[in-house]
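> Model the following, please.
(chains A and B)
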Protein chains: 2
Amino acid sequence: MIYTELYENIRRKGSFLCVGLDTDPAKIPACVRERHGDASMLAFNKAVIDATAAYAVAYKPNIAFYEAEGVSGWQQLAETVRYIRSTYPDIFIIADAKRGDIGNTADRYARAFFETMDFDAVTLAPYMGSDSIRPFLKREGRWGIVLAMTSNKSAEEFETLTVCSASGHSHPDTASMPLYERIIRDTVSSVDSEFGDSRSRLMFVVGATRPEKLAEIRRYCPDHFFLVPGVGAQGGSLEEVARHGLNSHCGLLVNSSRGIIYASSGEDFAEAAGAAAADLAAQMRALL
Amino acid sequence: MIYTELYENIRRKGSFLCVGLDTDPAKIPACVRERHGDASMLAFNKAVIDATAAYAVAYKPNIAFYEAEGVSGWQQLAETVRYIRSTYPDIFIIADAKRGDIGNTADRYARAFFETMDFDAVTLAPYMGSDSIRPFLKREGRWGIVLAMTSNKSAEEFETLTVCSASGHSHPDTASMPLYERIIRDTVSSVDSEFGDSRSRLMFVVGATRPEKLAEIRRYCPDHFFLVPGVGAQGGSLEEVARHGLNSHCGLLVNSSRGIIYASSGEDFAEAAGAAAADLAAQMRALL
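Numbers count the residues shown, from 1 in each chain, chains lettered A, B, ... in the order given. Have a look, this model is predicted:
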């Protein structure tokens, strides 16, 4: 889907909630595991999806949780995506894979997520440059979501380092800037050059830890969607994130995982997930 | 395995060759596809491995190629690893996954590659800092191979940017340096602090494009193994790489993929792979 459709779904639902399906088999309630055995991840996901789809515009499985379970995990991931597609066709599905490889290899990853499975978007690591981003942007309606400023503890080891222009390169903005700013500016620039309009192919992962930094980023990146990995526990509040990060077409997808999917570890896990999602969506509606 | 064992294998075989199992189903010879159908990737891999194991100390499947084929690809990847482990137990097996996520998620990836499958090492993207590296280094004998300086065209967009110390951080070496140098120095330093000796847990991906840069990197990173993604077609020659990059315990794993696995597209593909590997190994023996 293109960004105007995503925005339309956000407006219609009054929500910019993304539910993170970081499904850990060890945390699935006993009642599900007893009943579904090796297909527990899928059963759990379906129940959570059914309970929350009215409040969410996106789902984001983190691929690591499925890879950890080998072939069975991969199978359940594929079936989760198929379930969402067939039951809730207006949902935006993100593969939180943080893939980063180049050329032919990146094409293989794009095939894995956009053809072999039917995701709308894949999160990407930018370290190796545009060679690792471009292959994911070739398909109309499919997106790359590039890591920019994350909110983990060690994010400041490299992401916020001040960088200067590489020797021999002329840069329109030759002032030094944080690495993440360089990544955002250069990526928007190169994707715009190649595809004409990057707003429907490119998002950035921007953490909620420092909401004032969100405002700063908005000054040079006003139009693109940001995927915000979490609010509250990880730093900035939803209200602060919205205040600094919303643009004329929302421009935010705010993720919540544990707070929703593990809201209860009992038989009422799906109901509790629904209530948690409804609560966040209500707050979002007020902010939109 | 620890680095002294890896070095012992290199010495015994007279080779530091790593064979890249970047297996594309569309490039598998017809005779294999006709006979093995959906299990062609595995059959192809086994034949290549049997023909080349005498000349290689490592194999490196790029995970993208297997993910692109979904559940079947993942299954064939797992069986390829099992085959190498059971038939050639002294081989070092690298998951070229370039994974990069943090905390619990990184733990899941480590589980996927070190428990669910039995790899020795995983390539890693360093962007999010040590939170994304450390979880892979916890297991004795298992390695993280961190992207540092790669040889692709867009590597110069970010990797070679000059970085300065982040404000508020005191850095022993406050001179500005390329990002990749900062990553290497900081990663060695933090892994040494945490584990005492990083030489048996940590390698770096260093491209062959600019061999004089290899010499430069060796000055501040003398002891760690470098995984060199390719020689010849991608820039520096094997002889230049060896001249600038070898250390007292070899310290290099040089990868070749297409030149070996696609040396022939006919029925003699395995024989041709063996000949290509033997040729590289002979050059390496002379250089060691």
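
> what's near enough to touch A:Glu79?
By CB atoms under 8 Å, 6 or more residues apart in numbering or on different chains, A:Glu79 lies in contact with A:Leu42. C-beta coordinates here come from the backbone N, C-alpha and C atoms, glycine included.

> Phi, psi for it please.
phi -70, psi -30 (degrees, to the nearest 10).

> A:Thr162 touches A:Glu181, doesn't it?
No: with contact defined as CB atoms under 8 Å, A:Thr162 does not reach A:Glu181; the gap is 9.6 Å.

> So which of those two has more stuff around it?
It is A:Glu181, of A:Thr162 and A:Glu181, that has more neighbours when counted by other CB atoms under 10 Å in any protein chain shown, with 23 against 19.

> so the more buried one makes contact with A:Tyr220?
Yes: when contacts are counted by CB under 8 Å, A:Glu181 is listed as touching A:Tyr220 (7.0 Å).

> Chain A: helices as residue ranges?
A:3-13, A:30-36, A:40-52, A:63-67, A:70-87, A:103-111, A:155-158, A:179-195, A:211-220, A:238-245, A:258-261, A:269-287 (DSSP state H).

> most tightly surrounded among these?
Of all the helices of chain A, helix A:63-67 has the most neighbours on average by mean count of other CB atoms under 10 Å in any protein chain shown, namely a mean of 25.

> other SSEs contacting it?
Here helix A:63-67 touches helix A:70-87, strand A:92-99, helix B:103-111, going by 3 or more CB pairs under 8 Å, 6 or more residues apart in numbering or on different chains; DSSP states H and E.

> rerun at 10 Å
With contacts taken as 3 or more CB pairs under 10 Å, 6 or more residues apart in numbering or on different chains; DSSP states H and E, helix A:63-67 sits against strand A:17-21, helix A:70-87, strand A:92-99, helix B:63-67, strand B:92-99, helix B:103-111.

> what's the closest of the ones you listed to B:Asp279?
Judged by CB to CB, the one of the helices and strands packed on helix A:63-67 that comes nearest to B:Asp279 is strand B:92-99, at 20.8 Å.

> Can you check what angle separates that closest one from strand B:17-21?
50 degrees (axes from the mean of the first three to the mean of the last three CA atoms, to 10 degrees).

> on that earlier part again, hey, what's in contact with both of A:Thr162 and A:Glu181?
A:Ala175 (CB atoms under 10 Å, 6 or more residues apart in numbering or on different chains).

> Got the phi and psi for the residue in the stretch 151-288 of chain A that chain B sits nearest to?
Closest residue of the stretch 151-288 of chain A to chain B, CB to the nearest CB: A:Ser154 (2.9 Å). Dihedral pair for A:Ser154: phi -90, psi 10, per degrees, to the nearest 10.

> Name the nearest residue to it, ignoring sequence neighbours.
B:Gly129 (2.9 Å; CB to CB, 6 or more residues apart in numbering or on different chains).

> wait, the one you found sits on B:Ala106?
No: using CB atoms under 10 Å, B:Gly129 is not in contact with B:Ala106, being 11.3 Å away.

> quick one: common contacting residues for those two?
A:Asn152, B:Gly100.

> Run a quick neighbour tally on A:Ala263.
Residues near A:Ala263, counting by other CB under 10 Å: 21.

> List the contacts of it.
A:48, A:51, A:256, A:269-277, A:279.

> rerun that using 7 Å as the cut-off
Neighbour list for A:Ala263: A:Ala272, A:Ala273, A:Ala275, A:Ala276 [criterion: CB atoms under 7 Å, 6 or more residues apart in numbering or on different chains].

> can you tell me which two in these are farthest apart?
Taking CB to CB, no two of the contacts of A:Ala263 sit farther apart than A:Ala273 and A:Ala275, at 7.4 Å.

> and A:Pro174, what pLDDT?
Actually, residue A:174 is Thr. It isn't Pro. Looking at A:Thr174, its pLDDT stands at 61.

> One more: A:Ala148?
pLDDT, read off for A:Ala148, is 96.

> That one is in contact with A:Ile184, isn't it?
Yes: using CB atoms under 7 Å as the test, A:Ala148 is close enough to A:Ile184 to be in contact (5.2 Å).

> what residues are shared contacts of these two?
A:Phe204.

> Confirm for me that A:Ala155 is in contact with B:Met128.
Yes: the pair A:Ala155 / B:Met128 is scored as a contact, 6.1 Å apart, by CB under 7 Å.

> Spatially nearest residue to A:Ala136, not counting backbone neighbours?
In this structure residue A:136 is Phe, not Ala. A:Gly144 (4.0 Å).

> now that neighbour: how far from A:Ser151?
A:Gly144 sits 20 Å away from A:Ser151, going by CB to CB, to the nearest Å.

> what separates the spatially most central residue of chain A from A:Leu238, distance-wise?
Nearest to the geometric centre of chain A sits A:Leu227, at 4.8 Å (CA atoms, centre = their mean). Counting by CB to CB, the gap from A:Leu227 to A:Leu238 is 14 Å.

> Output the set of residues of the stretch 101-250 of chain A in proximity to chain B.
A:101-102, A:105, A:108-109, A:111-112, A:116, A:125-131, A:147, A:150, A:152-164, A:166, A:179, A:182-183, A:186 (CB under 7 Å from any CB of the partner chain).

> can you count the residues close to A:Arg199?
Residues near A:Arg199, counting by other CB under 10 Å: 18.

> cool, and A:Gly266?
10.

> So for it, what's the nearest residue that isn't a sequence neighbour?
In space, A:Gly266 is closest to A:Pro29, 6.1 Å off (CB to CB, 6+ apart).

> wait, what's in contact with that neighbour?
By CB under 7 Å, 6+ apart, the contact set of A:Pro29 is A:Ser265, A:Gly266, A:Glu267, A:Phe269.

> Contact partners for the last one?
The contact partners of A:Phe269, taken as CB under 7 Å, 6+ apart, are A:Pro29.

> For A:Ile260, see how far away it is.
Look at A:Phe269 and A:Ile260: by CB to CB, they are 10 Å apart.

> Same check on the third one?
Note on A:Glu267: its distance to A:Ile260, by CB to CB, is 17 Å.

> what about chain A, any weak spots by pLDDT?
A:165-174, A:232-235 (pLDDT under 70).

> how distant is stretch A:132-148 from the center of its chain?
Its chain's C-alpha centre and that of stretch A:132-148 lie 12 Å apart, by CA atoms, centre = their mean, to the nearest Å.

> try stretch A:12-20
12 Å.

> near chain B, anything from that stretch?
No: using CB under 7 Å from any CB, stretch A:12-20 stays clear of chain B, with a minimum separation of 10.2 Å.
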